[in-house]
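1. coords please:
(one chain, ligands or ions: 1)
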Amino acid sequence: MTDGRAQRIVLVVACALVDADGRVLMAQRPEGKSLAGLWEFPGGKMEPGETPEDALIRELREELGIEVAKACLAPLAFASHTYADFHLLMPLYVCRRWQGTVQPVEGQALEWVKPARMRDYPMPPADEPLVAALRDLL
Ligand SMILES: Nc1nc2c([nH]c(=O)n2[C@H]2C[C@H](O)[C@@H](COP(=O)(O)OP(=O)(O)OP(=O)(O)O)O2)c(=O)[nH]1
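-> This is a model prediction of the structure:
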């Protein structure tokens, strides 16, 4: 409860895809969506009945056209952040192995970014604490 009002918890699952040079894939949120223009980790909302891993595998297929095996998803950290109309709970996985070539299936801008340069990419406020975890890892 915040200010006497119940906060709706929204579960979103996200992934830091890491390439052979230790760069992380960032995707820009398109115009017309909430937080438009900010750079985020690929992923999305969990649907009823999905595990976090199922949801992430589905989102990576839909957004990037790649196939990821559950065994290649390693939990790294999570974001817990209160937005105006919901509370975001977002596990962040790391993935270094996938099949296929990353493509902007939904027309979104994509960039491979070294953790040390992530501060140049404006991110949703929920994501900012996650950058340190990635910097420690990579
Ligand atoms: N995928 C992803 N979503 C994030 C990140 N950080 C962050 O605050 N979010 C928020 C933005 C959205 O409110 C929600 C993800 O929703 P979504 O991408 O599946 O769906 P959406 O844009 O259609 O959602 P929305 O317009 O209704 O907010 O999580 C992140 O790094 N990756």
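2. Chain neighbours aside, what residue packs nearest to Arg119?
-> Among residues not flanking Arg119 along the chain, Val131 sits closest, at 7.2 Å (C-beta to C-beta, 6 or more residues apart in numbering). The way it works is simple: take the backbone N, C-alpha and C, and place the C-beta from them, glycine included.
3. I figured that neighbour hits Tyr121, correct?
-> No: with contact defined as C-beta atoms under 8 Å, Val131 does not reach Tyr121; the gap is 9.5 Å.
4. Assumed Glu59 was part of a helix.
-> Yes: assessed with DSSP: H, G, I helix; E, B strand; the rest coil, Glu59 lies in a helix.
5. Could you give the number of residues near Pro124?
-> 18 (other C-beta atoms under 10 Å).
6. What residues does the protein have near the ligand?
-> For the chain, the contact set with the ligand under C-beta under 6 Å from any ligand atom comprises 12, 14, 33-35, 40-41, 43-45, 88, 124, 126-127.
7. will you turn those residues into CSV that also has secondary structure?
-> Listed next are the residues of the chain next to the ligand as CSV, based on three-state DSSP:
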residue, secondary structure
Val12, strand
Ala14, strand
Lys33, coil
Ser34, coil
Leu35, coil
Glu40, strand
Phe41, coil
Gly43, strand
Gly44, strand
Lys45, strand
Leu88, strand
Pro124, coil
Ala126, helix
Asp127, helix
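8. From those residues, list the buried ones, please.
-> 12, 14, 40-41, 43-44, 88, 124, 126-127 (16 or more other C-beta atoms under 10 Å).
9. Okay, now the unreliable bits of the protein?
-> 1-5 (pLDDT under 70).
10. Now do the contacts for Met118.
-> 24, 26, 131, 134-135 (C-beta atoms under 8 Å, 6 or more residues apart in numbering).
11. any idea how far Leu60 is from it?
-> As judged by C-beta to C-beta, to the nearest Å, Met118 and Leu60 stand 20 Å apart.
12. Leu25 now?
-> Leu25 is 10 Å from Leu60, by C-beta to C-beta.
13. And for Ala16?
-> In terms of C-beta to C-beta, Ala16 sits 12 Å off from Leu60.
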